[in-house]
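Chemist: What shape does this take:
(one chain, ligands or ions: 1)
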Amino acid sequence: MSINVSGTEGYAENAPALIEQWKSIAFAEHHAPVLHLIPAGPSDVLDIGAGIGTDAAAFAAMGHRVVAVEPVDRLRAAALALHSSPSIEWVDDGLPELDVLRSRQRTFDLVMLTAVWMHLDEDQRQRAMPNVTSLLRDEGLMIVSLRHGPIPSGRRMFDVSAEETIELAKRQGFRRLLNIQTQSIQAANLHLGVTWSRLAFIKERQAHATVGASLAFA
Ligand SMILES: C[S@@+](CC[C@H](N)C(=O)[O-])C[C@H]1O[C@@H](n2cnc3c(N)ncnc32)[C@H](O)[C@@H]1O
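Modeler: Coordinates of the predicted model:
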């Protein structure tokens, strides 16, 4: 599917090298800034742009049920070979529409958007945020990381600000829990000056049920 999904440029072509590079990234180190927010009890986790499944595997090991979305066939195949688990379902789908997932009408407690949101242009980001929101339960958590710095050659990437992302999320009823800047944990990217915005949001409970009830008794 990846040829039709914008944002995936450069990933299939460089899959062998990327798979080797990403294998050495440890979940606990990568996600240290947000670990305290991850639900302790078994939850439904959606990992969008899941790459080779390092995070999906870590969530499965914590007892969560995971749906991992990855549009690049070669990365999905590598993920399945590396982290086969009955707790992980792999789905070939892509932002901004997420048509396959939305057609299933399933919702989640946690949505991870790790190093993927900045592959979307402004129009796609505006379309994607309501779609992602519709997949999250009330009081569910959305964790986002945005890459800043030089763009790897052949990749489609934009310098997306934390402020824009917070504003888009706010319009969909999210409350911000976290907004911090970190350095890259990968030596080569650290050397290039790559930094990350780490954001987390909670989806506020909607009040529509109460409005309906008061109208019924008016
Ligand atoms: C930098 S990698 C991050 C992979 C993984 N989240 C991680 O942190 O290890 C970005 C991933 O997003 C995927 N991707 C790119 N554009 C996408 C889109 N429009 N929808 C969903 N995934 C996309 C790529 O194929 C790639 O696997």
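Chemist: Please tell me how far the nearest residue to Ala57 once chain neighbours are set aside sits from Leu110.
Modeler: For Ala57, ignoring the flanking residues on the chain, the nearest one in space by C-beta to C-beta, 6 or more residues apart in numbering is His83 at 3.8 Å. C-beta here means a position set from N, CA and C on the backbone, and glycine is covered the same way. Distance of His83 to Leu110, given as C-beta to C-beta, to the nearest Å: 18 Å.
Chemist: I'd assumed Ala78 was in a helix, is it?
Modeler: Yes: looking at Ala78 with DSSP: H, G, I helix; E, B strand; the rest coil, it is inside a helix.
Chemist: Now Ile143: which helix or strand?
Modeler: strand 136-148 (DSSP states H and E).
Chemist: Which strands or helices does whichever helix or strand comes after that strand pack on?
Modeler: Per DSSP H and E, the first helix or strand lying C-terminal to strand 136-148 is helix 162-171. Secondary-structure packing of helix 162-171 (3 or more C-beta pairs under 8 Å, 6 or more residues apart in numbering; DSSP states H and E): helix 122-134, strand 136-148, strand 174-183, strand 195-203.
Chemist: how about those in TSV, adding distance to Thr114 and mean pLDDT?
Modeler: Formatted as TSV, the helices and strands packed on helix 162-171 follow (distance: least, C-beta to C-beta, whole Å; pLDDT from 0 to 100):
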stretch	distance to Thr114	mean pLDDT
helix 122-134	13	98
strand 136-148	5	98
strand 174-183	13	97
strand 195-203	10	98
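Chemist: Redo the ones you listed as CSV? Include distance to the ligand and mean neighbour count.
Modeler: Formatted as CSV, those follow (distance: least, C-beta to the nearest ligand atom, whole Å; neighbours: other C-beta atoms under 10 Å):
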stretch, distance to the ligand, mean neighbour count
helix 122-134, 8, 16
strand 136-148, 7, 20
strand 174-183, 13, 14
strand 195-203, 10, 21
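Chemist: could I get these as TSV with distance to Ala58?
Modeler: Listed next are the helices and strands packed on helix 162-171 as TSV, based on distance: least, C-beta to C-beta, whole Å:
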stretch	distance to Ala58
helix 122-134	21
strand 136-148	13
strand 174-183	18
strand 195-203	16
